[in-house]
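Colleague: have a look at this prediction, sequence included:
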Amino acid sequence: MGRHSLPDRRARNAGRARSPRRQHVTLATALVLAVAAGTGIAAQSGLLSLADSCESDPVRLDLVASPDIAPALRGVADRARRDRVTSDDRCLDIRVTARENYKVADALANASRTPDFQVWVPDSDVWVDRAGDFGDSVPLTPAGNVAASPVTLAAVPASAQALGWPRKTYTWAEVASAATGTDRLLLGSADPGRSATGLLALSSIAESARQEGPGGDTRTAATAKLLTRRVSDSDTQVPQTLALNDSVTEKDNPRRNGAVLLSEQAAFAHNSESDGAANLELFYPTDGAPVLDYPYNLVDQTQLTTDQSRAAMRFIALLGEEPSYRTLESHGFRTGDSQVKPALVRMAGGRSPQPYEKGDAGPPSAESLQQTLGLWAVSVQSARLTTVVDASGSMAAPVPGRKGQNRMALTKAALLRALATFTAEDEIGLWEFSTRLDGSKDYRELERTARLGAPVTDGGTHRERLSEAIDALEPIVGGDTGLYDTTLAAYKKAQADYVRGKFNAVIVLTDGSNKDDDSISRGTLIKQLRKLADPSRPVPLIAVAVGPDADRGEVGEIAEATEGSGYEVTDPADIQAVILRAIMAMGRAHES
């Protein structure tokens, strides 16, 4: 998930396990890169080392970094001060501060706050994307990557031996199976909502499970649910959850983990500090390890002085030089275009034939990451969702490029895929709506909102019955869109049946504006929703406008009355991703 190359050639890739992701760069950055490269050459030739004093007029730059890489960057910055490294005849004074990545991303998402730093080095591009996800964010200018570290499965010796380390290898799906099986591996992780390591690993498990065939989403959901019971708030806390002896069964040591999802660098740091007896041993999944890629970003470049911009680029050029590589490698990071250092891998706990030199699996897509975050949101706090589907005649309209499939067919397929990501403890119901569908009413409850794992009277579970009801949805010939009355009725029902401890929401899917002349007006609907909305019993409305005839502005205005949100999809096949993204976003908003 890396970016374009650094000024120094050796720093184009921060390790063989890096995946290019962002290719764009602004003209302003290109100019700065060119100037900085020239500055670096001049400094190396001694032309800019003429200042007698670095104390009188240094160029100060504040850099915020991920806690794992901050000590290494601070070491390079300290050496730059000692060696009087200059930029345009002024010595570099780089001040490095460690901050949690998710906290920085959330702060940068709010452009009303002026950052107190000029450069940001998180552990992953995940956070750069997160910073720009919501609202007006502080602009970030990519300038390269400074290091890399693959995400692995780290196990204590007893668990590693039971798993067949180092000769036996696993895919990510097989790691999940080991964690959820009968004799399950006690697996821990950092919170995927706060940890790129946790998120990338869970995304890799999801993709690997899908590749293995039907039921993959359900297995991933089970893994996520398991992790919620053994999750740590931050990456630094994860190693502290490991078993301290050979008792790694749930019966003997229920509060300790036998293995954790961890970066190679974090395992290196853990093993470096131990006495050797409890060293972690690493499994590198055969279907590719995702990578922490440590992107270097200029923060709100338009607000930087010329000296600050040049100093920032001089520092990243410095990070691409051999002494800096040695510093980064001494802290357990992979660097440059060189081969993976066997000594680094050994200290981290890797051994052949584990495929530690194998190229990574490629960066997960933004959609994949959003789906994983949505899955995690509903796993952490079970969901109670009332799903309301437009069954008007216009849902029979064909979707361009979809081989004759209509809107309803694709909507049903997307809902069934989304259903597979929920656990047995989640509660989901189904309504359909069209004008005068049930007597004078524009809506009909097809399946009550109930626990998916709950048994039903004629055998099976609520999940199975709900799947059948979704599959049976059909457009009503001649039916129009009775949106307003339906939305109000569904919201009243969800509020009346509110369950504490769960994420309660109403999801409305519609392909058009209200066309029922006998219904309440949009203004009346919004007033009623605002009156019903209760902060102590939050039920956000997630409204999705489907297709070219739907009005995103309208559904957004209606949803906002409940502190919810409106979305738009051109292709109904995208509904699953939007629902999970909305659940993640709403869940985060109502937690804060």
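Modeller: Looks like it arrived, so ask away.
Colleague: what pLDDT does Leu437 get?
Modeller: Note on Leu437: pLDDT of 87.
Colleague: so what's it closest to, chain neighbours aside?
Modeller: Of all residues not flanking Leu437 in the chain, Arg444 sits nearest, at 5.2 Å (CB to CB, 6 or more residues apart in numbering). C-beta coordinates here come from the backbone N, C-alpha and C atoms, glycine included.
Colleague: three-state assignment of that neighbour?
Modeller: For Arg444, the assignment made with DSSP: H, G, I helix; E, B strand; the rest coil gives strand.
Colleague: that one contacts Trp431, doesn't it?
Modeller: Yes. Here Arg444 reaches Trp431: they are 6.6 Å apart, a contact under CB atoms under 8 Å.
Colleague: is the residue nearest to Leu437 in a bridge, and if so with what?
Modeller: Glu432 (DSSP bridges).
Colleague: about what we covered before: of Arg444 and Trp431, give the one with the bigger neighbour count.
Modeller: Neighbours per residue (other CB atoms under 10 Å) separate Arg444 from Trp431, with Trp431 holding more: 24 against 15.
Colleague: look up how far Ala469 lies from that one.
Modeller: 10 Å (CB to CB, to the nearest Å).
Colleague: touching both of those two, which residues are there?
Modeller: Leu446 (CB atoms under 8 Å, 6 or more residues apart in numbering).
Colleague: looks like Trp172 contacts Pro285 (just checking).
Modeller: Yes. Taking contacts as CB under 8 Å, Trp172 lies within contact range of Pro285: 4.8 Å.
Colleague: between the two, which one's more packed in?
Modeller: Trp172 (29 against 26).
Colleague: so what's the spatially closest residue to the more buried one that is not a sequence neighbour up against?
Modeller: Ranked by CB to CB, 6+ apart and with sequence neighbours excluded, the top spatial neighbour of Trp172 is Ser208, at 3.7 Å. Applying CB under 8 Å, 6+ apart to Ser208 gives the contacts 171-173, 176, 216, 285, 287.
Colleague: export these to CSV and tack on distance to Ser379 and pLDDT?
Modeller: CSV is the format used below for those (distance: CB to CB, whole Å; pLDDT from 0 to 100):
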residue, distance to Ser379, pLDDT
Thr171, 21, 94
Trp172, 17, 94
Ala173, 17, 93
Ala176, 13, 89
Gly216, 16, 76
Pro285, 21, 95
Asp287, 22, 91
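Colleague: what's the closest of the residues you listed to Ala155?
Modeller: Ala155 lies nearest to Pro285 out of the contacts of Ser208, by CB to CB, at 12.9 Å.
Colleague: and the closest one, how far from Asp485?
Modeller: 51 Å.
Colleague: what are the ranges of the strands in the stretch 151-300 of the chain?
Modeller: Residue ranges of the strands in the stretch 151-300 of the chain, as given by DSSP state E, counting those that start in this stretch, are 187-190, 231-232, 259-263, 281-283, 291-292, 295-299.
Colleague: give me whichever of those is most buried.
Modeller: strand 291-292 (a mean of 32; mean count of other CB atoms under 10 Å).
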